[in-house]
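1. Here's my sequence, what's the structure:
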Amino acid sequence: MELNPQDMVSYSPLMKSFTFNAYLVAGYTPISRASQLDFYINRPGGMKGYILHLTLRGEGRIKAGNRYITSRINDLFLFPPDVAHYYGRAETSEHWDHLWIYFDPRPYWLDWLRWDRLEDHIGITHLHAPALSEIIQSCFWEVIQQNASNELLSEALAMNALERLIISCFKLQPLSNHQSLDPRISTLCHYITEHIVEDLNIEHLAKQVFLSPSRLAHLFKDQMQETIFAWREKQRVNRARNLLQSTHLTIGQVSQAVGYEDALYFSRIFRHHVGVSPRQYKKRYEHMISI
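-> Alright, predicted model coming up:
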């Protein structure tokens, strides 16, 4: 996907601000020596979600544990949740232009986010083939453009492009291709999704996969990096976002459709995850919903 320099800059922090209280945030950061963006990002505690970087020009300097790694053209870096971020333009380079995507993955993506090369938990992959680099860049730009759009279903299209990007990166990981989630956890995730409205307890869920409640809780946390009910809450919010974006349902109807009888409680949960109230979120898209 070819963009001219002016179009590219419109997706950079020079032109817009970003909030990370969302499931997906994406942009383009052009850094030149002594420019407005020429400083190091420092997040000692990392972030709640994943962040994926692709260098387009120049070199970046990324700290991984007690050492520094250079990010060159066509290098991909994947930061998982809670891993420290410390990166910026390499002093020896005049530029560091890179694309980035911050995202909270769908549960079945987690298998695809296991990369072969890790440096202090940070995944690293290099795109050797020009054709592959073009495909990966195209997916990045599609995610960035759809994420910035207010058109109907743009969020779903951005997530679709991100899924293709993640799969393309995973196909470059021959060792990790042989690893997968425990099938019992995959089964349970599907079961919860199919019964998202129901108020299921841990005992009932454990019976579905023939585990004790304590063993299930431990295994789920180990595989998914969060508790069962925290994961279910995110799935409910995801479904609510889709309903608010594409239907005429009221806030109360959406609340009940995703398993919350109390609309006020649902609103608090939604705001916690999305950063805005359900009403504010719905207002973004209501002019796009066909009558």
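2. So Tyr108, which state does it fall into?
-> helix (DSSP: H, G, I helix; E, B strand; the rest coil).
3. Isn't it up against Ser186?
-> Yes - the pair Tyr108 / Ser186 is scored as a contact, 7.3 Å apart, by C-beta atoms under 8 Å. C-betas here are computed from N, CA, C, even on glycine.
4. So for these two, which sits in the more crowded spot?
-> Ser186 (17 against 13; other C-beta atoms under 10 Å).
5. Can you verify the more buried one is assigned to a helix?
-> Yes - membership of Ser186 in a helix is supported by three-state DSSP.
6. Roughly how far does it sit from Ile192?
-> 11 Å (C-beta to C-beta, to the nearest Å).
7. and what of Tyr108?
-> 12 Å.
8. now swap in Ile41 and tell me
-> Counting by C-beta to C-beta, the gap between Ile41 and Ile192 amounts to 35 Å.
9. Who has more neighbours out of those two?
-> Neighbours were tallied for Ile41 and for Ile192 using other C-beta under 10 Å; the higher tally belongs to Ile192 (20 against 14).
10. and the more buried one, what does it touch?
-> Contact partners of Ile192, counting by C-beta atoms under 8 Å, 6 or more residues apart in numbering, are Leu200, Leu205, Ile228, Trp231, Arg232, Gln235.
11. Looking at those residues, which are in helices?
-> When these are checked against helices (DSSP state H), the matches are Leu205, Ile228, Trp231, Arg232, Gln235.
12. beta partners for the most centrally placed residue in the chain?
-> For the chain, Phe103 is the residue whose C-alpha lies nearest the centre (C-alpha atoms, centre = their mean; 1.3 Å). Here Phe103 sits in beta bridges with Leu24, Tyr50, going by DSSP bridges.
13. pLDDT score for it?
-> In this prediction, Phe103 carries a pLDDT score of 94.
14. Now for it: which residues touch it?
-> Applying C-beta under 8 Å, 6+ apart, we find Phe103 in contact with Tyr23, Leu24, Val25, Gly49, Tyr50, Ile51, Leu52, Leu162.
15. for the stretch 1-150 of the chain, which spans come out with low pLDDT?
-> Of all residues in the stretch 1-150 of the chain, those with pLDDT under 70 make up the ranges 1-10, 12, 14-22.
16. sorry, back to before: which of the contacts of Ile192 sits closest to Leu78?
-> Set against Leu78, the nearest of the contacts of Ile192 by C-beta to C-beta is Trp231 (20.6 Å).
17. Go ahead and confirm that closest one touches Pro107.
-> Yes - at 6.7 Å, Trp231 and Pro107 qualify as touching, with contact defined as C-beta under 8 Å.
18. what is in contact with these two at once?
-> Cys189, Met224.
19. Would you mind listing the buried residues in the stretch of helix or strand Thr193 belongs to?
-> For Thr193, the host element (DSSP states H and E) is helix 183-194. Buried residues in helix 183-194, counted by 16 or more other C-beta atoms under 10 Å: Arg184, Ile185, Ser186, Leu188, Cys189, Ile192.
20. Considering those, which member attains the minimum pLDDT?
-> Among the buried residues of helix 183-194, Ser186 has the lowest pLDDT, at 82.
21. Contact partners for Lys234?
-> Residues near Lys234 by C-beta under 8 Å, 6+ apart: Asp104, His273.
22. Let me know the pLDDT of it.
-> 88.
23. go on, the one 4 residues further on?
-> In this prediction, Asn238 carries a pLDDT score of 82.
24. Apart from its chain neighbours, what residue comes closest to Pro107?
-> Spatial nearest neighbour of Pro107, chain neighbours left out: Cys189 (4.9 Å); criterion: C-beta to C-beta, 6 or more residues apart in numbering.
25. ok, that neighbour to Phe103 distance?
-> Cys189 is 18 Å from Phe103, by C-beta to C-beta.
26. now Asp182
-> 23 Å.
27. so which strand or helix has Trp100?
-> Using DSSP H and E, Trp100 falls in strand 95-103.
28. the strands in the stretch 101-250 of the chain, which residues?
-> In the stretch 101-250 of the chain, the strands defined using DSSP state E, counting those that start in this stretch lie at 118-119, 122-126.
29. Would you mind pulling the contact partners of the longest one?
-> Where contact means C-beta under 8 Å, 6+ apart, the residues beyond strand 122-126 that reach it are 62, 64, 69, 74-80, 83, 113, 115-118, 169, 172-173.
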